[in-house]
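Asks: sequence and predicted structure, then a few things I'm wondering about:
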Amino acid sequence: MVTIQRLVGSVLIASLCSGISSAREVTTLQEYQTLFASTKPVFVKIYAEWCGACKRMSGAVNKAESSYQDQIIFAHINFDKMDSDLARELSSVRSLPTCIFIKNGKEFNKIVGSMQQDQLFKELQKLLS
C-alpha cells in the first residue's frame, strides 16, 4: 500500500503542478493522504461555498497560490463535498475555514478561522523555513 500511495501521491503532485491553477479540489481520503507523501510543503484549505469567512479569505489564498505555486502544493477541501471516509478523518474540524499546513509528511500547523493576506503569507513563509 505504501508503494501505491507514493505512486498516487506522485500522480497527484504532478497534476497539481501541471495545471493552470496549482490548487486541487480534494474529495476523498485517499487524495488527502497522498498530500502527506509530498516532498513539497502543502497548504490545505477546508471551506464551504456558503461560508462567508471562507469567501473573504479566497482572494488571499488565490494570491498565495500565484506567489508560491513552485514551492508549495495548494489543495482545497469543500466540507460539503468530501466523501464519508474523509469526513471521518477530518471530524475534528469544527469551524470553517480551517487551514492545515503539511511539512515532511506531518501536520506542521493548523489555523482555524479566516486569515488576512499578510498573516497567510507569514504562515506560508514559516512552512518553507
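Replies: Thanks, I have it.
Asks: gap between the two ends of stretch 43-53?
Replies: Stretch 43-53 has an end-to-end distance of 17 Å (criterion: C-alpha to C-alpha, to the nearest Å).
Asks: that one: how far from the chain's middle?
Replies: Chain-centre distance of stretch 43-53: 11 Å, with C-alpha atoms, centre = their mean, to the nearest Å.
Asks: what's in contact with that stretch?
Replies: By C-beta atoms under 8 Å, 6 or more residues apart in numbering, the residues outside stretch 43-53 that reach it are 26, 32, 35, 54, 57, 61, 64, 72-80, 90, 93, 96-102, 113-114, 124, 127. Where you see a C-beta, it was placed from the backbone N, CA and C, and this is true even at glycine.
Asks: put the buried members of those into a PyMOL selection.
Replies: In PyMOL, a selection of the buried entries from these looks like this (16 or more other C-beta atoms under 10 Å):
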select buried, resi 26+32+35+54+57+61+64+72+73+74+75+76+77+78+79+90+93+96+97+98+99+100+101+102+114+124+127
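Asks: tell me the centre residue of this protein?
Replies: By C-alpha atoms, centre = their mean, the chain has its centre lying nearest to Val44, at 1.5 Å.
Asks: quickly list what that residue is bridged to.
Replies: Taking DSSP bridges as the rule, Val44 bridges to Ala75, Ile100.
Asks: what's the separation between it and Asp85?
Replies: Distance, Val44 to Asp85, by C-beta to C-beta, to the nearest Å: 16 Å.
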